[in-house]
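J.: Just the structure for this:
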Amino acid sequence: MATNWKELVKGATLTGTAASVYTAPAATQATIQAASATNATGAPITVAIYVVPSGEAFDAKYRVALCNVPAGGVSTPWQAINHKLEAGAQIYADGNGANLTISGAEYLPNT
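T.: Just a heads-up that it's a prediction; the model follows:
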(Lines give C-alpha, C1' and ligand atoms only; values in the text may rest on other atoms or scores of the structure.)
Protein backbone atom coordinates (compact mmCIF):
# COMPACT_ATOMS: atom_id res chain seq x y z
CA MET A 1 0.00 0.00 0.00
CA ALA A 2 1.30 3.42 -0.92
CA THR A 3 -0.10 6.89 -0.43
CA ASN A 4 1.28 9.70 -2.56
CA TRP A 5 0.46 13.27 -1.52
CA LYS A 6 0.38 15.59 -4.51
CA GLU A 7 -1.26 18.45 -6.35
CA LEU A 8 -4.04 16.79 -8.27
CA VAL A 9 -4.85 20.00 -10.16
CA LYS A 10 -2.05 22.55 -10.61
CA GLY A 11 -3.45 26.02 -11.18
CA ALA A 12 -5.74 25.03 -14.04
CA THR A 13 -7.27 28.01 -15.82
CA LEU A 14 -11.00 27.38 -16.03
CA THR A 15 -13.45 28.32 -18.75
CA GLY A 16 -17.18 28.87 -18.69
CA THR A 17 -17.75 25.24 -19.72
CA ALA A 18 -17.02 22.38 -17.33
CA ALA A 19 -13.93 20.42 -18.38
CA SER A 20 -11.98 17.53 -16.90
CA VAL A 21 -8.99 18.71 -14.83
CA TYR A 22 -8.00 15.39 -13.20
CA THR A 23 -8.57 11.66 -13.69
CA ALA A 24 -7.75 9.12 -10.98
CA PRO A 25 -5.26 6.65 -12.51
CA ALA A 26 -6.05 2.97 -13.03
CA ALA A 27 -5.92 0.87 -9.85
CA THR A 28 -5.71 4.07 -7.79
CA GLN A 29 -8.06 5.87 -5.45
CA ALA A 30 -7.77 9.59 -4.76
CA THR A 31 -9.00 12.06 -2.18
CA ILE A 32 -9.32 15.84 -2.22
CA GLN A 33 -7.66 17.37 0.85
CA ALA A 34 -7.51 21.08 -0.06
CA ALA A 35 -8.76 23.34 -2.84
CA SER A 36 -8.24 26.99 -3.76
CA ALA A 37 -9.77 29.08 -6.51
CA THR A 38 -8.12 32.37 -7.47
CA ASN A 39 -9.43 35.26 -9.50
CA ALA A 40 -7.06 37.77 -11.10
CA THR A 41 -9.86 39.47 -13.03
CA GLY A 42 -11.77 42.63 -12.12
CA ALA A 43 -15.12 40.90 -11.63
CA PRO A 44 -16.39 38.11 -9.35
CA ILE A 45 -16.37 34.54 -10.70
CA THR A 46 -18.42 31.54 -9.63
CA VAL A 47 -16.42 28.29 -9.57
CA ALA A 48 -18.08 24.86 -9.64
CA ILE A 49 -16.39 21.49 -9.04
CA TYR A 50 -17.83 18.13 -10.04
CA VAL A 51 -16.76 14.55 -9.22
CA VAL A 52 -17.84 12.29 -12.08
CA PRO A 53 -17.69 8.52 -11.45
CA SER A 54 -15.70 6.27 -13.76
CA GLY A 55 -17.67 5.31 -16.85
CA GLU A 56 -20.19 8.15 -16.42
CA ALA A 57 -20.62 11.16 -18.68
CA PHE A 58 -20.40 14.65 -17.22
CA ASP A 59 -23.68 15.86 -15.74
CA ALA A 60 -24.51 18.78 -13.46
CA LYS A 61 -25.88 16.27 -10.93
CA TYR A 62 -22.26 15.46 -9.99
CA ARG A 63 -21.55 18.97 -8.69
CA VAL A 64 -19.95 18.77 -5.23
CA ALA A 65 -18.84 22.38 -4.66
CA LEU A 66 -19.75 25.91 -5.64
CA CYS A 67 -18.05 29.10 -4.49
CA ASN A 68 -17.87 32.75 -5.41
CA VAL A 69 -14.39 34.20 -5.88
CA PRO A 70 -14.21 37.99 -5.51
CA ALA A 71 -12.28 40.12 -8.02
CA GLY A 72 -8.57 39.79 -7.20
CA GLY A 73 -9.36 37.27 -4.47
CA VAL A 74 -9.03 33.67 -3.37
CA SER A 75 -11.79 31.36 -2.12
CA THR A 76 -11.91 27.81 -0.82
CA PRO A 77 -14.56 25.55 -2.39
CA TRP A 78 -14.76 23.75 0.95
CA GLN A 79 -17.58 21.41 -0.08
CA ALA A 80 -15.10 19.52 -2.32
CA ILE A 81 -12.77 18.68 0.56
CA ASN A 82 -12.71 14.98 1.56
CA HIS A 83 -14.47 13.77 -1.56
CA LYS A 84 -13.08 10.43 -2.72
CA LEU A 85 -12.48 9.26 -6.28
CA GLU A 86 -12.32 5.66 -7.41
CA ALA A 87 -10.04 4.65 -10.28
CA GLY A 88 -11.13 6.39 -13.48
CA ALA A 89 -13.28 8.99 -11.71
CA GLN A 90 -12.75 12.56 -12.90
CA ILE A 91 -12.77 16.04 -11.41
CA TYR A 92 -14.45 18.57 -13.70
CA ALA A 93 -14.56 22.29 -13.03
CA ASP A 94 -15.80 25.55 -14.52
CA GLY A 95 -15.43 29.22 -13.63
CA ASN A 96 -14.62 31.49 -16.55
CA GLY A 97 -11.15 32.96 -15.93
CA ALA A 98 -10.54 31.49 -12.45
CA ASN A 99 -7.55 29.30 -11.60
CA LEU A 100 -8.02 26.12 -9.57
CA THR A 101 -5.53 24.20 -7.45
CA ILE A 102 -6.51 20.96 -5.70
CA SER A 103 -4.18 19.03 -3.41
CA GLY A 104 -4.81 15.53 -2.18
CA ALA A 105 -3.58 11.99 -2.13
CA GLU A 106 -3.49 9.06 -4.48
CA TYR A 107 -3.74 5.68 -2.78
CA LEU A 108 -2.48 2.50 -4.44
CA PRO A 109 -4.04 -0.31 -2.39
CA ASN A 110 -1.98 -3.22 -3.76
CA THR A 111 1.59 -1.89 -3.78
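J.: so who does the nearest residue to residue 94 once chain neighbours are set aside touch?
T.: In space, residue 94 comes closest to residue 18 once its chain neighbours are excluded; the distance is 4.2 Å by Cβ to Cβ, 6 or more residues apart in numbering. Heads up, the C-betas are built off the backbone N, CA and C, glycines and all. Counting by Cβ atoms under 8 Å, 6 or more residues apart in numbering, residue 18 touches 48, 50, 58, 92-94.
J.: Run through this structure and note the low-pLDDT ranges.
T.: Applying pLDDT under 70 to the chain flags the ranges 111.
J.: now the strands for it?
T.: Remark: strands assigned in the chain by DSSP state E are 2-13, 19-23, 29-38, 45-52, 63-69, 74-75, 84-85, 90-94, 99-108.
J.: can you redo the contacts of residue 18 as a markdown table with neighbour count and distance to residue 29?
T.: Listed next are these as a markdown table, based on neighbours: other Cβ atoms under 10 Å; distance: Cβ to Cβ, whole Å:
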| residue | neighbour count | distance to residue 29 |
| --- | --- | --- |
| 48 | 19 | 23 |
| 50 | 23 | 18 |
| 58 | 14 | 20 |
| 92 | 22 | 18 |
| 93 | 26 | 20 |
| 94 | 20 | 25 |
